[in-house]
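Asker: with the input below, show me the fold.
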Amino acid sequence: MGMRRRLWTMAGAALLGTVCAMAQSTPEYQAKVVLMDKLTRFVDWPKGAEQRDFVLAVLGRTPFGDDLDNYFAARTLKNRPVTVRYLHQIAELGSCDMLFICASEKPHLAAILERLRGRPVLTVADAEGFAGAGVMVGLVRSGARIGFEVNLAPTRESGLRMAPGFLQLATLVP
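Answerer: Residues are numbered from 1 along each chain as shown. Prediction:
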């Protein structure tokens, strides 16, 4: 294993340890907010969006309350200020870098993913089966731990790249 791969693996392990510890000491969705922040460090977007805010959109009935707004108010993602947008319908889906798809959107999941097909938008959800249906990253809870399911097919199709060390920690779904 090369030095770069070893560093990514160590960084991924540190991420997982941080998230697991947070899941035990804070409410679940506060831990998932932190996880989404840290997840961006292991994903590379295609060049071109660096001149605007990093847009994190949430589609559906949000489970986060004020946690996203409070957490990202003074933070950056990919060295860019963060704008959090809350969407209630697919039609509102404009340009964003990351989309959290709420469980309430299960009936519309296929249409959402079709609309984003080939676009450099990291899709994230925590509803069971969403990663298998085409969401790129599923945040899955097992007891006190939060793990990752990754669907590489839509990730590659979108032009996003995930660090090998992160992928070693994830469960890959077809």
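
Asker: dig out what the residue nearest the centre of the chain forms beta bridges with.
Answerer: Centroid-nearest residue in the chain: residue 124, 4.1 Å away (criterion: CA atoms, centre = their mean). Judged by DSSP bridges, the bridge partners of residue 124 are residue 100, residue 137.

Asker: right, and it touches residue 97 too?
Answerer: No - under the criterion of CB atoms under 8 Å, residue 124 is not in contact with residue 97, lying 11.1 Å apart. The C-beta positions use only the backbone N, C-alpha and C, and glycine is treated the same way.

Asker: mind listing the helices for this protein?
Answerer: 3-25, 28-39, 67-72, 109-116, 152-158, 164-169 (DSSP state H).

Asker: mind telling me which of those the model trusts least?
Answerer: Note on these: helix 3-25 shows the lowest mean pLDDT, a mean of 43.

Asker: tell me the pLDDT of residue 139.
Answerer: The model reports residue 139 with a pLDDT of 95.

Asker: count of neighbours near it?
Answerer: By other CB atoms under 10 Å, 24 other residues sit near residue 139.

Asker: separation between the spatially closest residue to it that is not a sequence neighbour and residue 76?
Answerer: Spatial nearest neighbour of residue 139, excluding adjacent residues (CB to CB, 6 or more residues apart in numbering): residue 126 at 4.2 Å. Remark: distance between residue 126 and residue 76 (CB to CB, to the nearest Å) = 24 Å.

Asker: likewise for residue 82?
Answerer: The gap separating residue 82 from residue 76 is 7 Å, by CB to CB.
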